[in-house]
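[1] can't give you the sequence, but here's the structure:
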């Protein structure tokens, strides 16, 4: 149990376009999901906390207008990278809270912006 | 939130040997979780130990927690080449559910 999926697993886009990444909890409901970003050979950086039915909470330094988060249901959160630029190229990982104190992570989405 | 600091940063051992990784944190916790990340993949949840527990086992994994020293250790016994990965600890503070991560320990198990 406690499986989290992400879609797509990788995406290549042109600079200036927007990209949407989906995060789903497959066999449990998650009122809270989290979005992380990871650059090569670095650790995961928490970007934002996504709460079902309310606005996301962004970490300091993360532009909320650039990284739009929507948590419309108990099993789905989406991250949209708007007007993507090459510096946004990264590995984006989501996680979902399971039974309040355990986080399960998705497999990640590799974004490459040309 | 608080992040754990893993030590050592890198560890290289031979297959069959045991691997020990340590984690330190700064403030009170509800629990501490260990994760594994293979290169280019998401994090895999390994084990959770609660603040009132001192030791926990899961297969070849053994986790200890010393809340007085604010430290935890992860022992992998009889390591295999497939254990090669980065390992992260994630302390969950008493005030929230956000997990943040340190640099991790890069474990290399040589066949």
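    Arrived safely. Model, not experiment: these values are computed from the prediction.
[2] any part of stretch A:60-69 near chain B?
    No: on the criterion Cβ under 8 Å from any Cβ of the partner chain, stretch A:60-69 is out of touch with chain B, staying 11.9 Å away. C-beta coordinates here come from the backbone N, C-alpha and C atoms, glycine included.
[3] distance between the ends of that stretch?
    Start-to-end span of stretch A:60-69 (Cα to Cα, to the nearest Å) is 15 Å.
[4] buried sites along that stretch?
    Buried residues in stretch A:60-69, counting neighbours by 16 or more other Cβ atoms under 10 Å in any protein chain shown, are found at A:62, A:67, A:68, A:69.
[5] neighbours of residue A:53, just the number please.
    Neighbourhood size, residue A:53 [other Cβ atoms under 10 Å in any protein chain shown]: 9.
[6] any idea which element it lies in?
    Following DSSP states H and E, there is no helix or strand that holds residue A:53.
[7] if I look at it, how far off is residue A:77?
    As judged by Cβ to Cβ, to the nearest Å, residue A:53 and residue A:77 stand 11 Å apart.
[8] distance between the ends of stretch B:57-71?
    End-to-end distance for stretch B:57-71, by Cα to Cα: 17 Å.
[9] is chain A contacted by that stretch?
    No: Stretch B:57-71 lies out of reach of chain A by Cβ under 8 Å from any Cβ, never closer than 13.4 Å.
[10] need the contact partners of that stretch.
    B:22-29, B:32, B:34, B:46-47, B:49, B:51, B:53-56, B:72-79 (Cβ atoms under 8 Å, 6 or more residues apart in numbering or on different chains).
[11] before we move on, the earlier item: among the buried residues of stretch A:60-69, which two are most distant?
    For those, the maximum inter-member distance is 11.4 Å, found between A:62 and A:68 (Cβ to Cβ).
[12] any common contacting residues for residue A:53 and residue A:77?
    Shared contacts of residue A:53 and residue A:77, counting by Cβ under 8 Å, 6+ apart, come down to residue A:71.
[13] before we move on, back to that, show me which of the contacts of stretch B:57-71 are buried.
    Buried among the contacts of stretch B:57-71 by 16+ other Cβ under 10 Å: B:22-25, B:29, B:32, B:34, B:46-47, B:49, B:72-74, B:76, B:79.
[14] residue contacts, residue A:15?
    Going by Cβ under 8 Å, 6+ apart, residue A:15 touches A:84, A:85, A:86, A:113, A:114.
[15] assumed residue A:87 was part of a helix.
    Yes: under DSSP: H, G, I helix; E, B strand; the rest coil, residue A:87 falls within a helix.
[16] and it, how many neighbours?
    Other residues near residue A:87 number 9, with proximity taken as other Cβ under 10 Å.
[17] could you find the closest non-adjacent residue to it?
    Once flanking residues are discounted, residue A:87 sits nearest to residue A:113: 7.9 Å by Cβ to Cβ, 6 or more residues apart in numbering or on different chains.
[18] next: residue B:27.
    residue B:2 (5.5 Å).
[19] I'd say that neighbour and residue B:95 touch.
    No: contact criterion Cβ atoms under 8 Å: residue B:2 and residue B:95 do not qualify, at 9.5 Å.
[20] which of the two has more residues huddled nearby?
    A direct count of neighbours by other Cβ under 10 Å for residue B:2 and residue B:95 places residue B:2 higher, at 20 against 11.
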